[in-house]
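Colleague: sequence first, predicted model second:
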Amino acid sequence: MAKCKICEKEFENDRRFHAHLKAHKLRIIEYYQTHYPRYDLYTGEIIKFKNKEQYFETEFNTRGSLRKWLQAQSEKEVKSYLKKILLERKEKKNLIYAPCQVELRSTKIPSIVFYDRYFSYNKICKDIGLKNKYFSGKKVIEDSEHQEKKHKIYIDTREQNPLKIDYPTEVKTLKFGDYTLSEKELTCNCYIERKSLADFISTMSVMNLERFRREIERAKEANARLIILVEDTLTNALSFNFLPYISKKIKATPEFIFKNTRDLIQEYPHIQFLFVKGRKESARVMKKIFFSNCSYKKVDLQLAYDKKIL
């Protein structure tokens, strides 16, 4: 039930209430910022409004503002705040698994690197009832013995712009993903789905999300691990609406695309998203994952890449 602060009328849902605001010649943003003003804890500026849920959950307009505010607090206050926001997110989103690096970096919550400055991220997640999928500080260990060119990397027949890989390859029809190693046991049945940034945005949009979900389901049925490897940095992906090489026709916002991404990560523990700097890096990282003797399974790959240990 929503109640108008101006005329006291009540509405059964927000959609009807927001439509009603036109009668007062008010935009939704004007109504909430006037009648429910909320301010950035560091700058004191009014919280930017994107939608009602975001507005009431947000305490900082930027991650930079959050970082500066934390730097001004005592260690005890920082620890208390870090635990509080993680617990709040768990309860509001009904999370089962500890958020990975991609999830945290795409919200206004500090990254795992920041958490680990004050206490073990894995431990605090366990303490508040979240399941840890990964060891936050673990490194992907490359097994040089398996790099001997006695296997092949299979490339799906539908892969239109294959990576240049310094290893024997063979074009083959894959039921999901774009790349896999011929010897599945060496990778614990790992498949990699390569995407440009534009591909990633399109895949996570309304039109294509269900189709991609079916691909993830096929991987799950085959007891396979699926890594979505995006050949652009996470920083660029989080602000793609400002990138000149991303089509201006894209109407989706980074907030919407990454909400869908976070939902998939929580729903399917057998997938990971990894953003790297370009196609050459994509090929390097792919080989490292394939020849890691399955050590990648317990590694938050984005965290490892951000820490330069992948």
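Modeller: It's in.
Colleague: got the domain ranges for this protein?
Modeller: Following automatic domain parsing, one finds the domains of the chain at 2-57, 73-127, 144-306.
Colleague: mind putting those domains in a markdown table, mean pLDDT, distance to residue 136 and mean neighbour count included?
Modeller: Every residue, glycine included, has its C-beta placed from N, CA and C. Formatted as a markdown table, the entries for the domains of the chain read as follows, by pLDDT from 0 to 100; distance: least, Cβ to Cβ, whole Å; neighbours: other Cβ atoms under 10 Å:
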| stretch | mean pLDDT | distance to residue 136 | mean neighbour count |
| --- | --- | --- | --- |
| domain 2-57 | 94 | 24 | 14 |
| domain 73-127 | 95 | 5 | 17 |
| domain 144-306 | 94 | 6 | 17 |
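Colleague: how about the helices in the stretch 201-310 of the chain?
Modeller: Counting by DSSP state H, counting those that start in this stretch, one finds helices in the stretch 201-310 of the chain at the ranges 209-221, 234-238, 254-267, 278-290, 301-306.
Colleague: same check on the stretch 1-150 of the chain?
Modeller: Under DSSP H, counting those that start in this stretch, the stretch 1-150 of the chain gives helices at 14-20, 28-35, 52-57, 63-71, 75-93, 101-105, 112-118, 121-127.
Colleague: now these as a markdown table including distance to residue 203?
Modeller: Putting the helices of the stretch 1-150 of the chain into a markdown table (distance: least, Cβ to Cβ, whole Å) gives the following:
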| stretch | distance to residue 203 |
| --- | --- |
| helix 14-20 | 28 |
| helix 28-35 | 29 |
| helix 52-57 | 23 |
| helix 63-71 | 25 |
| helix 75-93 | 22 |
| helix 101-105 | 15 |
| helix 112-118 | 25 |
| helix 121-127 | 28 |
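Colleague: how much space between residue 210 and residue 204?
Modeller: Distance check for residue 210 against residue 204: by Cβ to Cβ, to the nearest Å, it reads 11 Å.
Colleague: likewise residue 54?
Modeller: Between residue 54 and residue 204 the distance is 18 Å, computed by Cβ to Cβ.
Colleague: then residue 83?
Modeller: Distance, residue 83 to residue 204, using Cβ to Cβ: 30 Å.
Colleague: likewise residue 177?
Modeller: 17 Å.
Colleague: could you do residue 301 as well?
Modeller: From residue 301 over to residue 204 the distance is 18 Å, taken as Cβ to Cβ.
Colleague: please apply the same query to residue 75.
Modeller: Distance of residue 75 to residue 204, given as Cβ to Cβ: 38 Å.
Colleague: can you check residue 42 too?
Modeller: Using Cβ to Cβ, which is the criterion applied here, residue 42 is 31 Å from residue 204.
Colleague: now swap in residue 235 and tell me
Modeller: According to Cβ to Cβ, residue 235 and residue 204 sit 17 Å apart.
Colleague: next: residue 50.
Modeller: As for residue 50, its distance to residue 204 is 17 Å (criterion: Cβ to Cβ).
Colleague: and what of residue 253?
Modeller: Separation of residue 253 from residue 204 (Cβ to Cβ) stands at 11 Å.
Colleague: cool, and residue 261?
Modeller: If you measure residue 261 against residue 204 using Cβ to Cβ, the figure is 6 Å.
Colleague: so residue 193 sits in a strand?
Modeller: Yes: according to DSSP: H, G, I helix; E, B strand; the rest coil, residue 193 belongs to a strand.
Colleague: give me the beta-bridge partners of it?
Modeller: For residue 193, the beta-bridge assignment (DSSP bridges) gives partners residue 228.
Colleague: how about residue 31: what's its closest non-neighbour residue?
Modeller: With Cβ to Cβ, 6 or more residues apart in numbering as the criterion, residue 31 has its nearest non-adjacent residue at 5.4 Å, and that residue is residue 21.
Colleague: now the one you found: how far from residue 7?
Modeller: For residue 21, the distance to residue 7 - Cβ to Cβ - is 10 Å.
Colleague: what's the answer for residue 94, then?
Modeller: Residue 94 sits at a distance of 35 Å from residue 7 (criterion: Cβ to Cβ).
Colleague: and residue 201, by the same measure?
Modeller: According to Cβ to Cβ, residue 201 stands 41 Å off from residue 7.
Colleague: now the strands for the stretch 101-250 of the chain?
Modeller: When assigned using DSSP state E, counting those that start in this stretch, the strands of the stretch 101-250 of the chain occupy the ranges 153-156, 169-172, 179-181, 190-195, 225-230.
Colleague: and the fourth one, what other elements does it pack with?
Modeller: Same thing as strand 190-195. Other elements packing on strand 190-195 under the criterion 3 or more Cβ pairs under 8 Å, 6 or more residues apart in numbering; DSSP states H and E are strand 179-181, strand 225-230, helix 278-290.
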